[in-house]
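> have a look at this prediction, sequence included:
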Amino acid sequence: MTASIGIVTVSDRASRGEYEDKGGPAIEAALARILASPWRPIRRLIPDEQPLVEAALRELADAEACALIVTTGGTGPAPRDVTPEATEAVCERILPGFGELMRAVSLRAVPTAILSRQMAGTRGRSLIVNLPGKPSAIDECLDAVFPAVPYCIDLIGGPRLETDPKACRAFRPGGG
């Protein structure tokens, strides 16, 4: 069975074509490296508008039945950064450990990671994970949290995701 995975870039400039979306392709490349089972991306590129982010997350979870929805962008402290608020509004359960781990991993590389508000939660049979916008941070954060992703999706009744155990540092003995 091929799992559907939503990839959502939240960016005013990229959605207007003023800036190249680098976050969405970085997520897709990381997932291609990590996942061993078949999957298909369902991409969205939307501005930093909470109602639009909420609508995209609902559509990907409810209509597209995505097992995993990964967002990039909109997790900082700026007034237009609304991805965590939109995620919280559509989720039935918040999973704080994801955000805690992502910030801890990011703090090793950059002290301003403390400003990041990444989070995760579930909606029906979908796991929604907010990632930072920088491609290197996306890779770092996905490597850190992905060992829990297939198990979480299994617990909420989603499809089985197989990973390549050599793909993530966190999968190796001794971790990162």
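Looks like it arrived, so ask away.
> what residues are up against the residue most central in space within the chain?
Of all residues in the chain, the one closest to the mean position by CA atoms, centre = their mean is residue 70, 2.6 Å from it. Residues in contact with residue 70 (CB atoms under 8 Å, 6 or more residues apart in numbering) are 5, 6, 7, 8, 27, 31, 128, 129, 131, 142. Glycine gets a C-beta too; all of them are placed from N, C-alpha and C.
> and the helices in the chain, which stretches?
Assignment of helices within the chain using DSSP state H yields the ranges 12-15, 23-34, 50-58, 83-90, 96-107, 135-145, 149-155.
> so which elements touch the first one?
If you count contacts as 3 or more CB pairs under 8 Å, 6 or more residues apart in numbering; DSSP states H and E, helix 12-15 packs onto strand 39-46.
> neighbouring strands for the strand it packs on, and are they parallel or not?
strand 3-10 (parallel) (DSSP bridges).
> average model confidence for the strand it pairs with?
Here strand 3-10 scores 98 as its mean pLDDT.
> can I get the CA coordinates of it in CSV?
This file holds the C-alpha atoms of strand 3-10, laid out as CSV (Å, rounded to 0.1, in the frame of the first residue of the first chain):
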residue,chain,number,x,y,z
ALA,A,3,1.0,5.9,2.0
SER,A,4,0.1,9.5,1.2
ILE,A,5,2.2,12.2,2.9
GLY,A,6,1.3,15.8,3.0
ILE,A,7,4.1,18.3,2.6
VAL,A,8,3.1,21.9,3.4
THR,A,9,5.2,25.0,2.9
VAL,A,10,3.9,28.0,4.8
